[in-house]
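Q: take this sequence and fold it.
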Amino acid sequence: MFREMRRFKQLLSKEDTEAILNRNSAGVMSVIGDEGYPYGVPISYVYHEGKLYFHCAKDGHKMDAIRACDKASFTVIDTNDVKEEEYTTYFRSVIAFGHVKEVNTKEEIEEALYVLSLKYSPSIPKDKVREHAKDGAGRTAVLVMEIEHMTGKEAIELVNMKK
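A: So this is what the prediction gives:
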């Protein structure tokens, strides 16, 4: 169903791909928007237990698009070091494909907000983070992407440096 990566030598391991997701704080979610146009929106996330979680407003372009078609992709750029003299960039990135749905149970919303908050506020005591997550559960929408396919890729120059 999903294409094989053409430049397979640049494919990152699952562990390296997950590490990129864990160390970064934002990516671009792409959905099918109004009139069939692609809609890519920068968004914060957390990768937790093999899924991607996002928080957002309960209404808007992104939510309308997801309600109409739950298929999406999510891209994170880990590095993009421009090498002017080589006319290239030394990049490392991840792209995930899957179905996005709105989380509906209070428990899952609170848990998702908790792990999101832990990621972005690691120095705050966990009990305060937990309370913050409970407080926000009624006001915030939470989305989860069930990942069907995910790849990490890096520039061939980075691959060659490892040898």
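
Q: CA only for contacts and neighbour counts going forward, please
A: OK.

Q: spit out the contact partners of Glu102.
A: Counting by C-alpha atoms under 8 Å, 6 or more residues apart in numbering, Glu102 touches Ala141, Val142, Leu143, Val144.

Q: let me fix that, I meant to ask about Glu157.
A: Tyr90.

Q: how close does it sit to His149?
A: 25 Å (C-alpha to C-alpha, to the nearest Å).

Q: with Asn80 instead?
A: Asn80 is 23 Å from His149, by C-alpha to C-alpha.

Q: equivalent analysis for Leu116, please.
A: Counting by C-alpha to C-alpha, the gap from Leu116 to His149 is 22 Å.

Q: so for these two, which residue has more residues nearby?
A: Leu116 (23 against 13; other C-alpha atoms under 10 Å).

Q: dump stretch 119-128 to CSV, keeping only the CA atoms.
A: Output in CSV follows, covering the C-alpha atoms of stretch 119-128 (Å, rounded to 0.1, in the frame of the first residue of the first chain):
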residue,chain,number,x,y,z
LYS,A,119,7.2,17.0,27.1
TYR,A,120,6.9,20.7,27.0
SER,A,121,7.2,21.5,30.7
PRO,A,122,9.7,18.9,32.0
SER,A,123,10.8,21.0,35.0
ILE,A,124,7.2,21.4,36.4
PRO,A,125,6.4,18.9,39.2
LYS,A,126,4.4,16.0,37.8
ASP,A,127,1.5,16.5,40.2
LYS,A,128,1.0,20.1,38.9
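
Q: fine by me, thanks again.
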